[in-house]
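# Make a model of this:
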Amino acid sequence: MPQSTAAKKAVRQTVRHAARNSGIRRRVREQVRTIKRAVAAKDSAAASKALPELSSVLDKAVKANVIHKNAASRRKARISKLVASLSTAKAGAKPKA
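Numbers count the residues shown, from 1 in each chain. Below is the predicted model:
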């Protein structure tokens, strides 16, 4: 148990920050799952619609210092590439004769 007043305050802050951070991380994971499910279902419209929402959630996570800005950028790039591959796969598919 913390003894000093400053240590007690630090414990309170840690609990508060951990609760906030876990909520933000949960929102990021939910958005990623939504996009991956849409990609798995070959639903490019839903995946494209969820992409800006993911970008917004990641930017908010960066602003709250939950994840690093380069990590957010990397995640956006990878998910965007995944969604783009879905749309190019549909466009490049040849009809069977």
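
# For stretch 57-64, give me every contacting residue.
Residues outside stretch 57-64 that contact it (C-beta atoms under 8 Å, 6 or more residues apart in numbering): 20-21, 24-25, 27-28, 31, 67-69, 72, 75-76. For glycine as for every other residue, the C-beta is placed from the backbone atoms N, C-alpha and C.

# Mind checking which of the residues you listed are in strands?
Using DSSP state E, the subset of the contacts of stretch 57-64 located in strands is empty.

# I'd like to know how many residues surround Gln31.
One way to gauge burial is a neighbour count; for Gln31, by other C-beta atoms under 10 Å, it gives 20.

# which one is it nearest to, not counting chain neighbours?
Nearest residue to Gln31, sequence neighbours excluded (C-beta to C-beta, 6 or more residues apart in numbering): Leu54, at 4.2 Å.

# The strand or helix carrying that neighbour: which residues count as buried?
Counting by DSSP states H and E, the element that carries Leu54 is helix 44-63. Applying a neighbour-count criterion of 16 or more other C-beta atoms under 10 Å, one finds Ser44, Ala46, Ala47, Ser48, Ala50, Leu51, Leu54, Ser55, Val57, Leu58, Ala61, Val62 buried in helix 44-63.

# Spatially, which two of these are the most separated?
Checked with C-beta to C-beta, the buried residues of helix 44-63 reach their widest spread between Ser44 and Val62, with 26.8 Å between them.

# Please tell me how far the residue lying closest to Ala72 once chain neighbours are set aside sits from Ala41.
Counting by C-beta to C-beta, 6+ apart, Leu58 is the residue found nearest to Ala72 once chain neighbours are left out, at 4.1 Å. Taken as C-beta to C-beta, to the nearest Å, the spacing of Leu58 relative to Ala41 amounts to 23 Å.

# Done for today, thanks.
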